[in-house]
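1. Attaching a predicted model along with its sequence, questions to come.
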Amino acid sequence: MSTSATFRVWRGDETKGELVDYKTPVSEGMVVLDAIHQIQAEQANDLAVRWNCKAGKCGSCSAEINGKPKLMCMTRLSELPLDKPVTVEPMRSFKPIRDLVTDVSWNFRVKKEIKPFKPRTPDAPDGTWRMAQSDVDRVQEFRKCIECFLCQDVCHVLRDHKKHEEFIGPRFLVYAAALEMHPLDVEDRVADLKREHGIGYCNITKCCTKVCPESITITDNAIIPLKERVVDEFYDPLGKLVKIFSRRKKDA
Amino acid sequence: MPDFETIDHDVLVIGAGGAGLRAAIAAAAENVKVGLVCKSLLGKAHTVMAEGGMAASLANVDDRDNWRVHFADTMRGGQYLNNWRMAELHAKEAPDRVRELEAWGALFDRTPDGRILQRNFGGHRYPRLAHVGDRTGLEMIRTLQDHAVYLGIDVHMECTVVTLFKDGDRVSGAFGYDRERGRFKVFRAKAIVLATGGIGRAFSITSNSWEYTGDGQSLAYHAGAVLQDMEFVQFHPTGMVWPPSVKGILVTEGVRGEGGVLTNKNGRRFMFDDIPENYRSQTADNEEEGWRYTQGDKNARRPPELLTRDHVARCIVREVREGRGSPHGGVFLDIAWIKAKLPNAAEHIKKKLPSMYHQFKQLADIDITTTPMEVGPTTHYVMGGIRVDGDSQMSTVPGLFAAGECAAGLHGANRLGGNSLSDLLVFGKRAGEYAATFARERGAVTIDKGAVDDASRFALAPLERAGNGSGDGPYQIQHKLQGIMQEGVGIVRRDAEMRKALDAVLAMEQEAERVSVPGNREYNPGWHTALDLRNLLTISEAIARAAIDRKESRGGHFRDDYPDKDPTYGTFNTTLSKAADGSMHLERIPIPPMPAELKAVIEENK
């Protein structure tokens, strides 16, 4: 590996910004976040970046590296061509705050709009439940989510069409799926998914699945099954007939 | 005159990891107005890094387990310096706290009959850790976070508290800034719960993130509270050692719980060479028995890899020092060997230790299902912290509570793995409840205008100095301090080196007063690092002073010049408080006698 590399880092705020080149030494095993920290310590003390665990577990250091949404802490320099500058930019689906830090507060507001977990009555007299590992497995996949919001960043409904007010994005469809498929949950979120959460906007391009650092099969395992539930409830012709007739009977 | 916003709460919780969230939930349940402040975004606190599980004697896997055994294990692990009341409450209440998480949506791994599965861990006699693969901390923080957001708690994200205010003897509020714009906030509160976590950033090799600068311990100390047991820092035996950029990142004890073994460069399982006397009767004396234990054989004893963390860490240091280490200065941790025992070993490992598999594959190019890992000790946890009342978690300052890692007492001289997550829940809840009660019973507080002016002057000084073109950079100062602590007050300690380190830390206080930062107040990490320095220096001084005073080896505190445990040091806690002249005052406070009933519990579990 070469002994130094150039990082082309976006510096700026909500009003303006530009890419600035920093040359810094690189060594074996380094990840992009190490390079950013080195630049911050030695050349640009005020370079704004979020990070915490540095082990791919907290989902704080999301950015676009050479145009691809990734966690900086899990992107090794050895995966990148270092003969040209490595571009590091903030997530573009969210408003910039400063440098690599974006305003992700929208995500926290969206979550509150999804109906919370509501368990069935306990199975045992001591107030506990019984669940088979096989039933838990399916939901555990969704609960691996580290809320890095890279799926939100790459989703064209949010990124290009700015449907933040009408569509909750892949992250919160995964969240809704984890609740809907939770073995104990008895709440019904299907109508909300259609009307409030805009699930119909997703046209299953699977970009979210591709960028997920936790390898959650977002589209196939979470979004499509939810879409099927919506279809079952609202667009099933047989079901519609049954509903019409049962209503008539009541009227009669 | 400083520009600031004043925000009123009955209870202000500082820190939003497991303890802070649990405290906020408990306080909100008491119908008081609750504020929650955290340095990062919600859900990113260090709790997400906890891997192995939370210890609670549910007895789902081994019905011989109960609170008495858990209590005795915790006290033995802590070498009897623990606050025995906290150890008792923790052992008794942990099962309910775990079940409560399930009622809030947590999905733990299951037993064949559908109950919460429990795994083995160092120092726990029976399989006791409720877990979710090796990402239990994430499950816990997300469950608490998703429960809390619906309770009407005011969350102030990316906000750092710089100092606490007092009204007479009583705590009355806090001064902080938001990271986004650097705006000052004055929080007026009738009670405050500190839940700020640890001090790992005082050392160069650590599993802790930038946040863990001893804020709670230092804020409490400067507000007049007492710190105790600060000499007891836990160096987790297994951190990554290669490549350099990941040095210190945690490798879960769960690897050893699932059958992973430690070997030196000669392939020897060196942990069999040194089994402490008080654990001998509980430890396997051959490899076969150790393996059977990890696979759930109730008649087998635990392998020596699952001895307490302090002991395993020292054995690793010994192997490396005596030239039997791995190529990059650690030892080998091998889980791949279990393919000799299990037909589907690779799949089994990926299922049980998914994030470890991922972490090594991605960061070190190592497939742990085929290749041994290289590991070495990393600064992980501080047993010491704010001295609190065992029942209420109130510090010696009225209205100031502490829970989780920043509080002291439960773990004594050494914490058992898995006891941290349950600590957060048990004492987070207690602190939140007692803080709410305190807030309801006491009248309003006022905040002194002069104190606000002082706090804002302190906060702005590093930026103003940069304007004058003077002072040193914050990262360089922090880095230097980490080197001093790692070298002088690290895993193996000696009197002369510690004194040298203490002098150096004290000398650095002036350096920190000259720190200067370029840029402005908007999301400026250099400024944030500068403001954290005071906390780091305060707790570094506390660690060094306490460590020098304890002339013996016990738990996380190991001294080359006093390698043995000395019973006279087993009767007191070392405490530190701020004297009237501003200097740090050390005092040995005797441990109150244990009630006969608890003594009997320890005897029956000997």
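-> Structure received. If you're wondering where the values come from, they're calculated on a predicted model, not measured in any experiment.

2. wouldn't B:H528 be in contact with B:R179 here?
-> Yes - with the criterion set as Cβ atoms under 8 Å, B:H528 and B:R179 qualify as a contacting pair; they are 6.6 Å apart. Quick note: C-beta positions are derived from backbone N, CA and C, even for glycine.

3. Could you pull out the residues contacting both of those two?
-> The contact sets of B:H528 and B:R179 overlap at B:T160 (Cβ atoms under 8 Å, 6 or more residues apart in numbering or on different chains).

4. and the closest residue to chain B within chain A, what is it in contact with?
-> Ranked by Cβ to the nearest Cβ, the top residue of chain A for proximity to chain B is A:G29, at 2.0 Å. With contacts defined as Cβ under 8 Å, 6+ apart, A:G29 is in contact with A:R76, A:S78, B:W242, B:P243, B:P244, B:S245, B:V246, B:L363, B:A364.

5. Let me see the domain layout of chain A.
-> With domains defined by automatic domain parsing, chain A comprises A:4-102, A:105-237.

6. any idea which of the ones you listed is most buried?
-> Among the domains of chain A, domain A:4-102 has the highest mean neighbour count (mean count of other Cβ atoms under 10 Å in any protein chain shown), at a mean of 20.

7. Over that domain, what's the mean pLDDT, rounded is fine.
-> Domain A:4-102 carries an average pLDDT of 96.

8. Checking my notes, B:T378 in a helix, right?
-> No - assessed by DSSP: H, G, I helix; E, B strand; the rest coil, B:T378 does not belong to a helix; its assignment is strand.

9. show me what contacts it?
-> Listed by Cβ under 8 Å, 6+ apart, the contact set of B:T378 reads B:I205, B:T206, B:S207, B:F235, B:H236, B:T238, B:G239, B:M240, B:K247, B:G248, B:I249, B:L250.

10. Can you tell me which of those is nearest chain A?
-> Ranking the contacts of B:T378 by separation from chain A, with Cβ to the nearest Cβ as the measure, puts B:I249 on top at 4.9 Å.

11. can you tell me which of the contacts of B:T378 are up against chain A?
-> With the criterion set as Cβ under 8 Å from any Cβ of the partner chain, the members of the contacts of B:T378 near chain A are B:I249, B:L250.

12. B:A459: which element?
-> Using DSSP states H and E, B:A459 sits in helix B:449-468.

13. From the contact counts, what lies against that helix?
-> Using 3 or more Cβ pairs under 8 Å, 6 or more residues apart in numbering or on different chains; DSSP states H and E, the elements in contact with helix B:449-468 are strand B:159-167, strand B:170-178, strand B:184-194, helix B:525-549.

14. interface residues of the stretch 51-200 of chain B facing chain A?
-> Applying Cβ under 8 Å from any Cβ, we find that the stretch 51-200 of chain B lies next to chain A at B:99, B:102-105, B:107-110, B:113-116, B:132-133, B:135, B:138-139, B:142, B:146-147, B:149-150, B:157, B:180.

15. change it to 7 Å
-> Counting by Cβ under 7 Å from any Cβ of the partner chain, the residues of the stretch 51-200 of chain B close to chain A are B:99, B:102-105, B:107, B:109-110, B:114-115, B:132, B:135, B:138-139, B:142, B:149-150, B:180.

16. Quick one, which of those are buried?
-> B:99, B:102-105, B:107, B:109-110, B:114-115, B:132, B:135, B:138-139, B:142, B:149, B:180 (16 or more other Cβ atoms under 10 Å in any protein chain shown).

17. Where helices are concerned, which of those residues count?
-> Secondary structure of those is defined by DSSP state H; positions in helices are B:R99, B:E102, B:A103, B:L138, B:E139, B:R142.

18. ok, of the residues you listed, which one's closest to B:S422?
-> Each of these was scored against B:S422 by Cβ to Cβ, and B:R99 proved nearest at 11.9 Å.

19. Please report how far the residue nearest to that closest one when sequence neighbours are not counted lies from B:A87.
-> The spatially closest residue to B:R99, leaving aside those adjacent along the chain, is A:T128, at 5.9 Å (Cβ to Cβ, 6 or more residues apart in numbering or on different chains). When Cβ to Cβ, to the nearest Å is the yardstick, A:T128 and B:A87 sit 25 Å from each other.

20. Likewise for B:P593?
-> Distance from B:P593 to B:A87, by Cβ to Cβ: 15 Å.

21. excluding its backbone neighbours, what's nearest B:D273?
-> Spatial nearest neighbour of B:D273, chain neighbours left out: B:C315 (7.8 Å); criterion: Cβ to Cβ, 6+ apart.
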